[in-house]
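S.K.: sequence unavailable; structure follows:
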C-alpha cells in the first residue's frame, strides 16, 4: 500500500515506472547464451539491479567491458569487506587480484549470499574478461591493481583525518571514474579525459551510510555532503565533453541520482534511523528523461536549490556549503540551458482526475510488482565515528 500511495501522490511517475520495468525485462532477454556471459549478466542484475539498467545505455562491446569491470571491482570489494578473513590472508589477495582475473580457474570463497556466489564462481568472470579487447583488459587490470593496493593499505591504516578520507575515497571510488574513462577511450568513442575530472566523477558517486549518533553526527554528515559538492564542477565538465549519446546517458543518470541523494540526505536526521533515498518513481523519471546536458544542468540546478534551502546557518559548514552551491547554481545558469530544462525533478505537481485514479486502482497489482527492484546502501568504512560505504560505485 505504501508503494500505491506513492503513485497516487505522484501519478506522473507511473509512465516512467512502467517503461523502466519493461526495459528491465528487455535487458533480461538480451543476456547472452554462453554460460560465462549468462552468469556475468545474471550476477550483475543480482548484485546491482539499478546499474544493470543503466548499463543498457551502452553499445554491446562497451557494455560487456563495463559489466566485467563492475563485477571485478565488486569481487575485490567483497574480499575487502569480509571481516572473517585474516589480514595476513586478505592483503596478499587484494594486491594480487589484478593477476587473478587472467586465471580462468581462480576463485576464492568469501562474502555472503549473491556475493559468495560471485566469488565461488569467479572463473566465469575471468573467462569473459579474457574475451574482451586488449585495450579493455589493460584498463581493467590497471584500475584493479591500483584499487587493490589502496584497499590493502587501509586494511592496516585507520581513516583518521579528512586527508585519509579523501585518499581512501580515491582508491575505492575515484579510480572507478578513471577506469570508466579508460574504457570509453578504449572503445574509440571518446577522448581520454584528464585523471582529475575522471576522479571527481567517481568520487561524486561515493555512497554514504551512517548510524544514529548525536547532533555532531548530522554536522559530520553535512560536512561530507559539502565535501562531495566540490566535485560537481568537474563532473559537469566531464559530461559536457562526452560525444557519444549512449556513454553520456550512462554517465549522466547516476550523477543526477547522486546530487538528488545528497539533497535528500543533507541535514536529515532520518539518515540515522533508516534508508533515505529518492523515490522510485523519480528514479524512473531520471532514467527516462535524461538525454542532454540541458537535462543535467536543470536537474543539478533544481537539486542544488533544494539542498540550499536545507542549509542551517548554525551548522559549522553552512558558509562553505552555500558557497559550493552558489558555484553550482552559477554554472547551471551560465550554461544557458535552464530555459530548456524539465522541472519535473523537483517541482512537478500531481494532476488528479477520476480516469487516472481508476486506472491506478486497476493496475495497482502491477504497480506493486514494478516497485520490486531495490536501491540499497551497503558496506561500511569509518570516517571519524561514522561509517561510509566503500563500494566501487554509486550504481546501486
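M.R.: Nice, I can see it. Computed from a predicted model, the values in this text were never measured in an experiment.

S.K.: from residue 259, how far off is residue 46?
M.R.: 27 Å (C-beta to C-beta, to the nearest Å). Placement of C-beta: from N, CA and C, glycine included.

S.K.: again, but for residue 112
M.R.: Residue 112 is 32 Å from residue 259, by C-beta to C-beta.

S.K.: tell me which of these two has more neighbours.
M.R.: Remark: of residue 112 and residue 259, residue 259 carries more neighbours, 25 against 12, as counted by other C-beta atoms under 10 Å.

S.K.: secondary structure class for the closest residue to that one other than its chain neighbours?
M.R.: Computed as C-beta to C-beta, 6 or more residues apart in numbering, the closest residue to residue 259 that is not its neighbour in sequence is residue 303, at 4.5 Å. Secondary structure, DSSP: H, G, I helix; E, B strand; the rest coil: residue 303 is helix.

S.K.: tally up the residues packed near residue 303, please.
M.R.: Neighbours around residue 303, by other C-beta under 10 Å: 24.

S.K.: I'd say it and residue 261 touch.
M.R.: No - applying C-beta atoms under 8 Å as the test, residue 303 and residue 261 come out as separate, 9.1 Å apart.

S.K.: leaving out sequence neighbours, find the closest residue to residue 62.
M.R.: Nearest one to residue 62, counting by C-beta to C-beta, 6+ apart, is residue 187 at 4.5 Å.

S.K.: what pLDDT is listed against the one you found?
M.R.: On pLDDT, residue 187 comes in at 95.

S.K.: again with residue 342
M.R.: 60.

S.K.: make 559 the starting number, not 1.
M.R.: Got it, first residue is 559 now, which makes that one residue 900.

S.K.: all the strands of this protein, residue numbers only.
M.R.: 939-941, 944-946 (DSSP state E).

S.K.: I'd like to know how far residue 826 sits from residue 757.
M.R.: Residue 826 is 27 Å from residue 757, by C-beta to C-beta.

S.K.: same deal with residue 586?
M.R.: To residue 757, residue 586 is 33 Å away according to C-beta to C-beta.

S.K.: which one's more surrounded, those two?
M.R.: Taking neighbours as other C-beta under 10 Å, residue 586 and residue 757 compare with residue 757 leading, 22 against 12.

S.K.: tell me the contacts of the more buried one?
M.R.: The contact partners of residue 757, taken as C-beta atoms under 8 Å, 6 or more residues apart in numbering, are 728, 732, 733, 735, 736, 792.

S.K.: 10 Å - rerun?
M.R.: 727, 728, 731, 732, 733, 734, 735, 736, 739, 789, 792, 796 (C-beta atoms under 10 Å, 6 or more residues apart in numbering).

S.K.: now do residue 870
M.R.: Counting by C-beta under 10 Å, 6+ apart, residue 870 makes contact with 776, 777, 780, 824, 825, 876, 879.

S.K.: give me that answer again for 6 Å
M.R.: residue 825 (C-beta atoms under 6 Å, 6 or more residues apart in numbering).

S.K.: circling back to that earlier point, which among the contacts of residue 757 gets closest to residue 856?
M.R.: residue 796 (17.5 Å; C-beta to C-beta).

S.K.: give me the number of residues near that closest one?
M.R.: With other C-beta under 10 Å as criterion, residue 796 counts 25.

S.K.: how far away is it from residue 581?
M.R.: In terms of C-beta to C-beta, residue 796 sits 25 Å off from residue 581.

S.K.: over to residue 798?
M.R.: 26 Å.

S.K.: more crowded one of these two?
M.R.: Ranked by neighbour count (other C-beta under 10 Å), residue 798 and residue 581 place residue 581 first, with 15 against 12.

S.K.: so which helix or strand of the protein has the lowest pLDDT on average?
M.R.: Ranked by mean pLDDT, DSSP states H and E, the helix or strand of the chain with the weakest confidence is helix 922-928, at a mean of 33.

S.K.: how about the helices in the stretch 609-758 of the chain?
M.R.: Using DSSP state H, counting those that start in this stretch, the helices assigned to the stretch 609-758 of the chain run over residues 618-639, 645-658, 671-678, 681-687, 692-713, 720-727, 733-744, 753-762.

S.K.: taking the ones you listed together, which one is wrapped up most tightly?
M.R.: helix 733-744 (a mean of 25; mean count of other C-beta atoms under 10 Å).

S.K.: what's the neighbour count on residue 891?
M.R.: So residue 891, with other C-beta under 10 Å, has 12 neighbours.

S.K.: the closest residue to it other than its chain neighbours: how many residues sit nearby?
M.R.: Among residues not flanking residue 891 along the chain, residue 859 sits closest, at 7.4 Å (C-beta to C-beta, 6+ apart). By other C-beta under 10 Å, the residues close to residue 859 number 23.

S.K.: just the one 10 residues further on next, same as before
M.R.: As a burial measure, residue 869 scores 19 neighbours (other C-beta under 10 Å).

S.K.: wait, it sits on residue 878?
M.R.: No - taking C-beta atoms under 6 Å as the definition, residue 869 is not a contact partner of residue 878, at 9.8 Å.

S.K.: got the contact list for residue 698?
M.R.: Residue 698 neighbours (C-beta under 6 Å, 6+ apart): 627, 630.

S.K.: swap in 8 Å and give it another go.
M.R.: 623, 626, 627, 630, 659, 687, 690, 737, 741.

S.K.: my guess is residue 856 contacts residue 896, does it?
M.R.: Yes - counting by C-beta under 8 Å, residue 856 does reach residue 896; the two are 6.1 Å apart.
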